[in-house]
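> let's see this in three dimensions:
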Amino acid sequence: MKEPRNPFRLRASEHIESDATFIRLFAPGALDLLPPGAELWERLHIIRSAPGGGKSSLMRLFTPAALQTLHAYRARDECKELYQRIRALGVLCDEGPCVLGAMLSCARNYAALADMGFDATRRNRLFFSLLDARIILSVLRAAVVLSKLEYPDDLHCFSVEGPNVDVPNLTLPTSGLALYEWARDLEGRVCEAIDSFGPLQMESLPGHEMLWSLKLLRRGAIKVNGEPVADHILVMLDNVQELTGEQREQVFQATVDARSPVAVWIAERFEALDADELLSSGATEGRDYGKVIPLERYWREKGRRFENVLFNIGDRRARAAADVEIDSFSACLQSSMDGPEWLQSFTKAVEAVAGRVKKSVGSDPRFVEWVADRDGMDGTPRELALGWRTLEILIERERRKSQQSFDFTLSPDTLSDKDDSAARAGADLFLAREFDIPYYFGPSRLAMLASANIEQFLAVGGDIFEEVVSAALIKKSRDLTAERQEMIIKRAADARWEEIPRRVRNGRDVRVFLEAIGAFCEWATYQPNAPYAPGVTGIAISMADRDKLRNALRRGDGTDARRLACVLAAAISENLLDPILDYKCKGQRWMVLNLNRLLCVRFDVPLHYGGWKEKTLKELYRWLDQGFRPKANEALL
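Model (predicted):
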């Protein structure tokens, strides 16, 4: 397979046909989210994320073809670390894979069973039959691939031992070929019933009331030429959000009830959760089913580690490009504004801000020494511009203090105490906006723009890498300027914004509401005194108000509360809002809702999280219909 010009465009793992390419592009750090040791094989694991979180890629790594490729390439530099990480998990040994991983998508036919004119019991039995048949077929195929044989021709080489499970028309132990034929027949009969337009004979339909396949597929149950195929069997169910809510619950419960030593991983998008679940836990709870791994939440809590994973992904993709030789993606991105091309812009900013501050202060005795301190400051034009803009913010803060009766001079030491990193970060943002200086650029900010979602990083990174490749092909510098990076990033933010109505449940309401949040954040961020420096990126409601929204959902009424709850849940499920629950501040507990960082770009607010303002439900109801409108003379102190 010819390597692509821009490997960043290969986003979904199913679009990467070659296992060799998939292995080279897989970042070993993504394995950090898996639990160590025996826990990996002893309980149900539920992997959740918004679209593009990396669920399917993680599962694909544990399939026989991918593991065999990794084992074959283990001596190559780009595969050594991944090989060692997988080996440490007990998945590979000297001879090759020692885990039989079978991956099955739940996106085909299952939900159609809910539309059939049967009672719930019959529908459930058909659902379990179809899922059992496909699990068996998937495991048999994986066993053949793992054994380097031909499917289905070599299934006669396999034997299947089983516990005392009463399965209609199947006697255990049996051969792999007999089990294959049984499963194919069962799948065909259920699918025939789904596709039938005529009346069905109820008594002729297959069905059973449990996932017996998980009981059958215990360790050592499948043998080839008398030897167990693998040390562990891993069943991976992908796209579980495509099932109906009832079917999804049945899968979870049946997996737990089976009490099988088979490892089961379930991958689903947050959209599988109902609105109440999303608001009640921020999509992290797994009830009593098993360990939940919410990908975005995990990576947000491991910010530096996720940044390293993204840089590793970026470098691997850059090295895989067909038409250019690039070892480091991040090295192609200008990360500093200290170059000579920006000298004039910062010099202009120093003159403008210093003149404005001096005119504003006049003969005010309080700030004489502060201004003198800045007049004597040494540094680059950028450092001087930041110093003066920070001073302007700090003076505005002093003037807004409630006790303004004093008129004594503020010392340089007082200025030094107040001139902190947050105030300077706010000044950096203010300068960028006022003097048209790039702000959204550089490797670290590109990593932040991912909002803990790998596909979002690949989307923006792909646009940037296309520019790098184009420059390289015409023999221009590969170093992408800060100005050009920001232009590409803003274009990507606009594209993400435009797709919300068609990609998100309740999309139009969601975008109206996000527009209100963004407009509020922009207004609050650029207050002259920068009260929440470096800026505001979200809102918060009290946990008591959060409970009111949940209660409205449970009652099923048509109130504003229910509408708002559905909008919030939809935004959370698509990673457009990042929820933080039980945040303690001001003697209360809050549900903080931060904007997706790519949306922060649209509203010219910073990428740092932490600046938020509490809101009442009444205000938010109004935002749904009218958007955000600051009140006359309203300001944040």
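> excluding its backbone neighbours, what's nearest Asn239?
Residue nearest to Asn239 in three dimensions, not counting chain neighbours: Ala107, with 4.3 Å by Cβ to Cβ, 6 or more residues apart in numbering. Every residue, glycine included, has its C-beta placed from N, CA and C.
> that's a helix at the one you found, yeah?
No. Ala107 is assigned coil when assessed by DSSP: H, G, I helix; E, B strand; the rest coil, not a helix.
> pull the number of nearby residues for it.
13 (other Cβ atoms under 10 Å).
> all strands for the stretch 251-400 of the chain, in order.
Ranges of strands within the stretch 251-400 of the chain are 263-269, 291-294, based on DSSP state E, counting those that start in this stretch.
> please identify the most buried of these.
strand 263-269 (a mean of 24; mean count of other Cβ atoms under 10 Å).
> that strand - what's its average pLDDT?
In this model, strand 263-269 has a mean pLDDT of 95.
> does it pack against any helices or strands, and if so which?
helix 39-42, strand 45-49, helix 55-60, strand 232-238, helix 245-258 (3 or more Cβ pairs under 8 Å, 6 or more residues apart in numbering; DSSP states H and E).
> strands along the stretch 401-550 of the chain, start to end?
With DSSP E, counting those that start in this stretch as the criterion, the stretch 401-550 of the chain has strands spanning 538-542.
> ok, back up a step: now for the strands of the stretch 251-400 of the chain, which one comes closest to Leu25?
In terms of Cβ to Cβ, the element of the strands of the stretch 251-400 of the chain nearest to Leu25 is strand 263-269, at 18.9 Å.
> residues touching the closest one, excluding its own?
Applying Cβ atoms under 8 Å, 6 or more residues apart in numbering, the external contacts of strand 263-269 come out as 40-42, 44-51, 55-56, 58-59, 214, 232-241, 248, 251-252, 255, 573.
> ok, it: who's next to it in the sheet?
Sheet pairing here is set by DSSP bridges, and for strand 263-269 it gives strand 45-49 (parallel), strand 232-238 (parallel).
> can you say which of these is nearest to Arg546?
strand 45-49 (20.0 Å).
> next, the angle from the closest one to helix 245-258.
Relative orientation of strand 45-49 versus helix 245-258 (axes from the mean of the first three to the mean of the last three Cα atoms, to 10 degrees): 150 degrees.
> alpha carbons of strand 45-49, as PDB, please.
Output of strand 45-49 as PDB, limited to C-alpha atoms (Å, rounded to 0.1, in the frame of the first residue of the first chain):
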ATOM      1  CA  HIS A  45     -14.200  -2.700  30.900                       C
ATOM      2  CA  ILE A  46     -16.300   0.000  29.400                       C
ATOM      3  CA  ILE A  47     -14.500   2.400  27.200                       C
ATOM      4  CA  ARG A  48     -16.400   5.600  26.500                       C
ATOM      5  CA  SER A  49     -15.600   8.800  24.500                       C
END
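> now it: mean pLDDT?
Rounded mean pLDDT across strand 45-49 is 94.
> now stretch 420-439
Mean predicted lDDT for stretch 420-439 stands at 96.
> buried ones in it?
423-432, 435, 437-439 (16 or more other Cβ atoms under 10 Å).
> do stretch 613-631 as well
In stretch 613-631, counting by 16+ other Cβ under 10 Å, buried: 615, 617, 620, 623-624, 628.
> just list the residues touching the spatially most central residue of the chain, thanks.
The centroid of the chain falls nearest to Asn453 when counting by Cα atoms, centre = their mean (3.0 Å). Applying Cβ under 8 Å, 6+ apart to Asn453 gives the contacts 49-50, 52-53, 295-296, 575.
> what packs against the worst-scoring helix or strand of the chain on mean pLDDT?
Within the chain, no helix or strand scores below helix 39-42, which has a mean of 82 by mean pLDDT, DSSP states H and E. The contact analysis (3+ Cβ pairs under 8 Å, 6+ apart) places helix 39-42 against strand 263-269.
> tell me how far the strand it packs on lies from the chain's centre.
16 Å (Cα atoms, centre = their mean, to the nearest Å).
> then stretch 223-235?
34 Å.
> gap between the two ends of that stretch?
One end of stretch 223-235 to the other measures 17 Å (Cα to Cα, to the nearest Å).
> same thing with stretch 550-562?
Separation of the first and last residues of stretch 550-562 by Cα to Cα is 8 Å.
> in it, what's buried?
Quick answer for stretch 550-562 (16+ other Cβ under 10 Å): 550, 552-553, 560-562.
> same check, this time on stretch 93-112
97-106, 109-110.
> pick out the most distant pair among those.
Cys98 and Asn109 (32.8 Å).
> residue with max distance from the center of this protein?
Ser363 (53.4 Å).
> who's in contact with that one?
No contacts exist for Ser363 under Cβ under 8 Å, 6+ apart.
> next one: phi and psi at it?
phi -100, psi 20 (degrees, to the nearest 10).
> cool, and Pro168?
Torsion angles, degrees, to the nearest 10, at Pro168: phi -60, psi 130.
> my guess is it contacts Arg189. True?
No. With contact defined as Cβ atoms under 8 Å, Pro168 and Arg189 do not form a contacting pair (11.3 Å).
> tell me where the model's unsure across the stretch 301-450 of the chain.
402-407 (pLDDT under 70).
> quick one on the thing from earlier: report the two of the buried residues of stretch 613-631 separated the most.
Leu617 and Phe628 (14.9 Å).
> in stretch 269-276, what's buried?
269-273, 275-276.
> which among these gets closest to Met377?
Nearest to Met377 out of these is Phe270 (Cβ to Cβ; 49.1 Å).
> where's the residue farthest from the centre of the chain relative to Phe329, distance?
54 Å (Cβ to Cβ, to the nearest Å).
> so how far is Leu577 from Ala544?
19 Å.
> which one of these two has more residues nearby?
Leu577 (24 against 12).
> ok, and the closest non-adjacent residue to that one?
Ala571 (4.2 Å).
> what is the burial count for the one you found?
29.
> following element in sequence after the one helix or strand it maps to, please.
According to DSSP states H and E, Ala571 maps onto helix 560-573. Next in sequence after helix 560-573, counting helices and strands by DSSP H and E, comes strand 577-585.
> so where's this protein uncertain?
1-3, 14, 164-165, 196-205, 281-289, 402-407, 632-637.
> any buried residues in the longest helix along it, and which?
Taking DSSP state H as the criterion, the chain has its longest helix at helix 120-146. Judged by neighbour count (16+ other Cβ under 10 Å), helix 120-146 contains these buried residues: 122-146.
> how far out from the middle of the chain is the helix or strand just after it?
Once the chain leaves helix 120-146, the next helix or strand it forms, by DSSP H and E, is strand 158-160. Mean-position distance between strand 158-160 and its chain equals 40 Å (Cα atoms, centre = their mean).
> strand partners (parallel or antiparallel) of strand 158-160?
strand 174-175 (antiparallel), strand 222-224 (antiparallel).
> run through who's touching the helix or strand just after the first one.
Helices and strands here follow DSSP H and E; after strand 174-175, the next one along the chain is helix 176-195. Residues outside helix 176-195 that contact it (Cβ under 8 Å, 6+ apart): 109, 112-113, 116, 126, 129-130, 132-134, 136-137, 140, 143, 152, 155-160, 169-170, 174, 200, 205-206, 222.
> try stretch 218-236
Taking Cβ under 8 Å, 6+ apart as the rule, stretch 218-236 contacts 41, 59, 62, 90, 97-104, 135, 138-140, 143, 146-147, 149, 157-163, 176, 214, 217, 260-267.
> returning to what we had before: ok, which of the strands paired with strand 263-269 comes nearest Arg602?
Comparing these by their distance to Arg602 (Cβ to Cβ), the top pick is strand 45-49, with 22.5 Å.
> quick check: angle from the closest one to helix 560-573?
Using the same axes, to 10 degrees: strand 45-49 against helix 560-573 is 100 degrees.
> show me the contact partners of strand 45-49.
35, 55, 58-59, 252, 263-270, 272-273, 283, 286, 289-296, 453, 575.
> save the strands of the stretch 251-400 of the chain as CSV, and put in distance to Phe457 too.
Listed next are the strands of the stretch 251-400 of the chain as CSV, based on distance: least, Cβ to Cβ, whole Å:
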stretch, distance to Phe457
strand 263-269, 18
strand 291-294, 18
